[in-house]
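Trainee: 3D, please:
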Amino acid sequence: MVRIKLPYGRRSIIVDIPEDRLNGVLISLAHKYTTLESEEDILKRALSKPIDTPRLRELVQGKEKIVVISSDHTRPVPSHVTMPLILGEIRELNPKVDIHILVATGFHRASTETELRDKYGNEIVDNEKIVIHDSRDEGSMVKVGILPSGGDLILNKLAVEADLLIAEGLIEPHFFAGFSGGSKSILPGIASHATVLANHCSEFIAHKRARTGVLKGNPIHEDMLYAAQKANLAFILNVVINANKKVINAFAGHSEKAHLKGCEFISEHVRVKAEPADIVITTNGGYPLDQNIYQSVKSMTAAEATCKDGGIIIVVSECIDGHGGDSFYSTFADADSVQEIQEIMDEIMLRNRNETLPDQWESQILARILLRYKVIMVSDAPKEIVENMHMKWAASVVEAIEMADEILGGLNKITIIPDGVSVIVQ
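Mentor: Residues are numbered from 1 along each chain as shown. The predicted structure follows:
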């Protein structure tokens, strides 16, 4: 038996796989990356030697209104470590400046107070001005241009009117934007829902370059770069983390150039060779990324890249928030068969960017997967919700493997991706 640990919520699940059935284990080398530096030392080093910009403490001189964009509760950015260092740099030479922390929820729900305290710590929550972006609050938005794709670029007014705009973030593989971090803090982070819908249109989601680890020629990424330029995003601090959500490297400075350096670093450590199998087990990396089924589609795309046609993807994801999106859920719950899922896909592909519906992109990718594979979820999400979305539900990984064996017939080979959002499967 080969014993493998799978992240699940805030804990781990141990699974034993017979050696003769294990086809491969796809693990990001970033999870094995070691450094003698502490998280704080890594971040201080990045801030002290920014890429293609002056130090942050120099940029803030003479500024009156500064906005720091911060990832929301769905991203494991260690803001309790990064934010005090950013605020310290700002106030070192400009102690009386007006600072707002703008939580970049994108299209997600608002963070709760508990989630904010968990993310930033009590001192920041109690003493700093924190504003949670609401993509549907038109009164808090302003139009600043037209995206390369043709959609209106509408952004949070607080960020646009800032004298200096800064962002913290996380660089990791992203299933259609190429990588997270960088300009994603602006789009979708603090963009209007109309702008997000235009950028996440069916044409772009289906584009051959809108894939994990691809930036060049990716139309979604190109829109995001334009948005960051128009927003005057002046400085970023982006981190790379390991499986324990600890910082192993950081990149600060110019919003595009620092991000590219980070993407180059992570690309060297997260690209893994596909090990095709009839059964692929994946996870969404545990909390906070596996809070719902909506987010868990990301890890399914990693499994998709190494699962044989007609095979079975087993997703181990806690999903304490259930489905994660009413439109996303109803798209599948209202379909009676796989044939209707094909009809859903056909209908999505006929919509132009100005007709994009909320959560359509996640529905489009899940539909693509369900049309090629059967999906079994090991999850705390209610069984009824999972099955209404045309997936099977299992109470344990062992039960899921038994279900897969029964569906496929016989004992098939298994490939495991312990953290499906941390790898680029090629």
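
Trainee: mind pulling up the pLDDT for the closest residue to residue 195 other than its chain neighbours?
Mentor: Nearest residue to residue 195, sequence neighbours excluded (CB to CB, 6 or more residues apart in numbering): residue 154, at 4.9 Å. C-beta: built from backbone N, CA, C; applies to glycine. At residue 154, the model reports a pLDDT of 98.

Trainee: okay, and residue 154 sits in which element?
Mentor: Using DSSP states H and E, residue 154 sits within strand 152-156.

Trainee: go ahead and name everything in contact with that strand.
Mentor: 102, 133, 140-147, 186-187, 190-192, 194-195, 198, 226-227, 230-231 (CB atoms under 8 Å, 6 or more residues apart in numbering).

Trainee: buried subset of these?
Mentor: When the contacts of strand 152-156 are checked for burial by 16 or more other CB atoms under 10 Å, the buried set is 102, 133, 140-141, 144, 147, 186-187, 190-192, 194-195, 198, 226-227, 230-231.

Trainee: among these, name the ones in helices.
Mentor: Among the buried ones among the contacts of strand 152-156, DSSP state H puts 194, 195, 198, 226, 227, 230 in helices.

Trainee: residue contacts, residue 106?
Mentor: Taking CB under 8 Å, 6+ apart as the contact definition, residue 106 lies against 72, 133, 135, 188, 189, 190, 191, 196.

Trainee: so can I have JSON lines of those showing pLDDT and distance to residue 85?
Mentor: JSON lines is the format used below for these (pLDDT from 0 to 100; distance: CB to CB, whole Å):
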{"residue": "72", "pLDDT": "91", "distance to residue 85": "20"}
{"residue": "133", "pLDDT": "97", "distance to residue 85": "22"}
{"residue": "135", "pLDDT": "95", "distance to residue 85": "28"}
{"residue": "188", "pLDDT": "96", "distance to residue 85": "26"}
{"residue": "189", "pLDDT": "97", "distance to residue 85": "20"}
{"residue": "190", "pLDDT": "98", "distance to residue 85": "22"}
{"residue": "191", "pLDDT": "98", "distance to residue 85": "27"}
{"residue": "196", "pLDDT": "95", "distance to residue 85": "30"}
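
Trainee: can you tell me which of those is nearest residue 320?
Mentor: Each of the contacts of residue 106 was checked against residue 320 using CB to CB; the closest is residue 72, at 16.1 Å.

Trainee: the closest one contacts residue 103, correct?
Mentor: Yes - A contact is recorded between residue 72 and residue 103 when judged using CB atoms under 8 Å, the distance being 5.3 Å.

Trainee: anything in contact with each of those two?
Mentor: For the pair residue 72 and residue 103, residues contacting each of them under the criterion CB under 8 Å, 6+ apart are 111, 132.

Trainee: all helices for the stretch 1-150 of the chain, in order.
Mentor: According to DSSP state H, counting those that start in this stretch, the stretch 1-150 of the chain carries its helices in the segments 39-48, 56-59, 79-93, 113-120, 122-127.

Trainee: outside of the last one itself, list whatever touches it.
Mentor: Which is helix 122-127. If you take CB under 8 Å, 6+ apart as the criterion, helix 122-127 is touched by 79, 80, 83, 84, 87, 101, 113, 116, 117, 130.

Trainee: ok, 7 Å please
Mentor: 83, 116, 117 (CB atoms under 7 Å, 6 or more residues apart in numbering).

Trainee: now it - C-alpha only, CSV.
Mentor: Output of helix 122-127 as CSV, limited to C-alpha atoms (Å, rounded to 0.1, in the frame of the first residue of the first chain):
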residue,chain,number,x,y,z
ASN,A,122,-7.8,41.4,15.1
GLU,A,123,-5.4,44.4,15.2
ILE,A,124,-5.9,45.2,11.5
VAL,A,125,-9.6,44.6,11.5
ASP,A,126,-10.1,46.7,14.6
ASN,A,127,-7.8,49.6,13.5
